[in-house]
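Participant: whatever this is, show me its structure:
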Amino acid sequence: MQVTLVHVRVRPESVDAFIAATRANHEASVAEPGNRRFDVLQAPEDATRFILYEAYASAADAAAHKQTAHYLAWRDAVAAMMAEPRRGEPMQGLFPA
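Facilitator: The predicted model follows:
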């Protein structure tokens, strides 16, 4: 399984707009055939910090996600909301297989 932890910090004034844009991306992403999880986490002590936990059955499925209309719309919508560049941390999912 191909897992990516996407670390995001948004501008304080963009938190609500980021959550709305990310909800739309989440809802479409979990409908992708290769998607296994797409969790959106917010830090309890810093509302501007998020982690997107994205799990796909294969690297090809993860790459296909980056070509979807909903991902491209999310990427463009949130670009100006970032307080710093988002950072993707690739992981190898062991369990569940």
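Participant: three-state assignment of the residue nearest in space to the middle of the chain?
Facilitator: Taking C-alpha atoms, centre = their mean, the centroid of the chain lies closest to Leu52, which sits 3.9 Å from it. Classification of Leu52 by DSSP: H, G, I helix; E, B strand; the rest coil places it in strand.
Participant: now it, nearest residue through space, not along the chain?
Facilitator: Leaving aside its chain neighbours, Leu52 sits nearest to Val6 (4.0 Å; criterion: C-beta to C-beta, 6 or more residues apart in numbering). C-betas here are computed from N, CA, C, even on glycine.
Participant: beta partners of that neighbour?
Facilitator: The residues paired with Val6 through beta bridges, assigned by DSSP bridges, are Leu52, Gly88.
Participant: got a list of what it touches?
Facilitator: For Val6, the contact set (C-beta atoms under 8 Å, 6 or more residues apart in numbering) comprises Ile51, Leu52, Glu54, Arg86, Arg87, Gly88, Glu89.
Participant: neighbours of Ala69, just the number please.
Facilitator: For Ala69, the number of neighbouring residues by other C-beta atoms under 10 Å comes to 8.
Participant: all further residue positions should be reported with the first residue as 4.
Facilitator: Sure, I'll start counting at 4 from here, so that last one is Ala72.
Participant: residues contacting it?
Facilitator: Counting by C-beta under 8 Å, 6+ apart, Ala72 has no contacts.
Participant: what segments of the chain are helices?
Facilitator: Using DSSP state H, the helices found in the chain span residues 18-32, 62-68, 72-81.
Participant: got a list of contacts for the shortest one?
Facilitator: This means helix 62-68. For helix 62-68, contacts defined as C-beta under 8 Å, 6+ apart pick out Gln5, Thr7, Ser32, Glu35, Pro36, Gly37, Asn38, Glu57, Tyr59, Tyr74.
Participant: identify the farthest-apart pair in the contacts of Val9.
Facilitator: Maximum pairwise distance among those (C-beta to C-beta): 13.1 Å, between Glu57 and Arg90.
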